[in-house]
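# attaching a predicted model along with its sequence, questions to come.
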Amino acid sequence: MTPRRVLVVSEPMEYGVLSYLERLFAGLDRSRWEPALAYSPRRLARQGERLVATLALRGVRVRRLPFRRGLGVGDGAAILDLAAEIRAFRPDVLHLHSTKAGLLGRPIARLLGVPTAYTPHGTSWHYTGRVVGRTQRTLERLSRGATDLLLSVCPAEARAFVEEVGMPASRVRVVRNGVPLPDLADLAAARTRRRALLGIPEAERWLVFVGRLTHEKGLDVLLRALEAPVGADGLLVVGDGAERARLAAAAARAAVPVRFCGYQEVVSPFLASADAFVQPSRSEGLPFALLEAMAHGLPVVCSDVGGVAEAVGGCGIIVPPARPDALATALRDLLGDDGTLRRLGDAGRARVGRAFGVSAMLAGIHQAYADLAGRATAAGGRVRAA
């Protein structure tokens, strides 16, 4: 049987979206699906460059598109290029990632008759400000009719699209992000090596933050929480972004050392070297960094946004967003109790193993693609764009 074709389109090629794409392309059944990737080079991490190069070496079609994160005059060129790529590749299914790709891609796909899945990776209108957020929500509402399937990464994201955007529930499906469980012996060895490299004594307790250094990720909230002692000996910040200089200045007021480690292609050694993970975000979908921290056996302290509380499921501490006082109290309670540290870490790792495996994620994506292609075939009207 000839494989069907799926064109994956993404504006960002970094952080959580990139983690999703890495798992998707690594696990896609090539006997059933021939993939292609159209991406923007404007938010392309080194890890994203490696994914693009690897796909090209394996014979996967890859194309650049002039997407920008914000709305602008350059969107016209991106629309034309995406339409040309759809006509050239003639996919059976289009899978759009992030708000920008979703807003530009869905009308084109509807016009060209290609069934489309849209994975927004969060609810961007919640953190982009009043004017921009209202515009984004309005555009999402206008795009409802061109959405064959909203493939959400968590129930909270799905609910937001149904309740706030008005997306019909019948066209919404949840396929949770998935991560592997690292071997415990490997983690212990990685902890020893990384702590030696960082000069961190084994007896010290360090926190770790992983994410973009932007307003919505809330590192500023964590830094304010650390202005008073909470029982930590230091904080590792893994990631980069536009607000790094401002956050580095704020870190000088913390009661503990704060080490900015920059963007890291491999985050696992930094998670292994820490004693607790903090996710102080103002907005999230279902962050891979959180799932990876839990898979590493780290106790987690997170703000109650997006799908975070549902993912943690009682295996961590949840606090209100943008509340440094509540975050400081939670950290103080956690770090002051060895038993709680171990219990929450073990429980979180077990929960990821049960509910957030990579195989379940891939099975859900494969089923969504098959359903979209099958629905188009049954309708008899959708064919590859010519």
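In hand now; what should we look at? Everything numeric in this text was worked out from a predicted model, so none of it was measured.
# what's the burial count for the closest residue to residue 326 other than its chain neighbours?
Setting aside the residues directly before and after it, residue 326 is nearest to residue 319 in space (C-beta to C-beta, 6 or more residues apart in numbering), at 4.4 Å. (Each C-beta comes from the backbone N, C-alpha and C, glycine too.) Look at residue 319: counted by other C-beta atoms under 10 Å, it has 23 neighbours.
# for the one 3 residues further on, same thing?
Counted with other C-beta under 10 Å, the neighbours of residue 322 add up to 16.
# who's in contact with it?
Taking C-beta atoms under 8 Å, 6 or more residues apart in numbering as the criterion, residue 322 is in contact with 218, 221, 282, 303.
# in strands, which of those appear?
For those, the ones inside strands are residue 303, with DSSP state E as the criterion.
# sorry, back to before: in this structure the residue nearest to residue 326 contacts residue 303, no?
Yes. Shown here, residue 319 and residue 303 form a contact pair, counting by C-beta atoms under 8 Å, at 5.8 Å.
# which neighbours do those two share?
When contacts are counted by C-beta under 8 Å, 6+ apart, residue 319 and residue 303 have residue 327 as shared neighbours.
# doesn't residue 232 make contact with residue 258?
No. Counting by C-beta under 8 Å, residue 258 stays clear of residue 232, with 10.3 Å between them.
# quick check: neighbours shared by those two?
Taking C-beta under 8 Å, 6+ apart as the contact definition, residue 258 and residue 232 share the neighbouring residues residue 226.
# domain parsing for this structure?
In the assignment given by automatic domain parsing, the structural domains of the chain cover 4-178+358-379, 184-355.
# how about these in TSV, adding mean pLDDT?
As requested, the domains of the chain are exported to TSV (pLDDT from 0 to 100):
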stretch	mean pLDDT
domain 4-178+358-379	93
domain 184-355	97
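# counting contacts, what elements does the host helix or strand of residue 362 pack onto?
Element membership of residue 362 [criterion: DSSP states H and E] is helix 358-379. Using 3 or more C-beta pairs under 8 Å, 6 or more residues apart in numbering; DSSP states H and E as the contact definition, the elements that helix 358-379 packs against are strand 4-10, helix 15-27, strand 93-97, strand 116-119, strand 149-152.
# who's in contact with residue 121?
Residue 121 sits next to 16, 17, 20, 97, 98, 153, 285 when contact means C-beta under 8 Å, 6+ apart.
# how much space separates the first one from residue 279?
Distance from residue 16 to residue 279, counting by C-beta to C-beta, to the nearest Å: 12 Å.
# what's the answer for residue 124, then?
Residue 124 sits at a distance of 18 Å from residue 279 (criterion: C-beta to C-beta).
# which one's more surrounded, those two?
Residue environment comparison for residue 124 versus residue 279 gives the larger neighbour count to residue 279, 26 against 22, counting by other C-beta under 10 Å.
# tell me what that one is bridged to.
residue 302 (DSSP bridges).
# how about the strands in the protein?
Secondary structure of the chain by DSSP E: the strands cover 4-10, 33-39, 61-64, 93-97, 116-119, 149-152, 172-174, 206-210, 234-238, 258-262, 276-279, 300-303, 317-319.
# which residues sit in contact with the residue nearest to residue 326?
Applying C-beta under 8 Å, 6+ apart, we find residue 319 in contact with 301, 302, 303, 304, 326, 327, 329, 330.
# one more: residue 85?
Shown in contact with residue 85 (C-beta under 8 Å, 6+ apart): 7, 36, 38, 63, 65.
# what about residue 147, neighbour count?
Neighbourhood size, residue 147 [other C-beta under 10 Å]: 23.
# how close does it sit to residue 48?
As for residue 147, its distance to residue 48 is 26 Å (criterion: C-beta to C-beta).
# for residue 162, give its distance to residue 102.
According to C-beta to C-beta, residue 162 stands 16 Å off from residue 102.
# out of the two, which sits in the busier spot?
residue 102 (25 against 17).
# that one contacts residue 120, correct?
Yes. In this structure residue 102 lies within contact range of residue 120 using C-beta under 8 Å: 5.8 Å.
# closest to residue 270 out of the helices and strands packed on helix 358-379?
Residue 270 sits nearest to helix 15-27 of all these, at 14.5 Å, using C-beta to C-beta.
# identify the residues contacting residue 69.
With contacts defined as C-beta under 8 Å, 6+ apart, the neighbours of residue 69 are 11, 12, 42, 43, 100.
# centre of the chain to stretch 86-98, how far?
Remark: stretch 86-98 is offset 21 Å from the chain centroid, using C-alpha atoms, centre = their mean, to the nearest Å.
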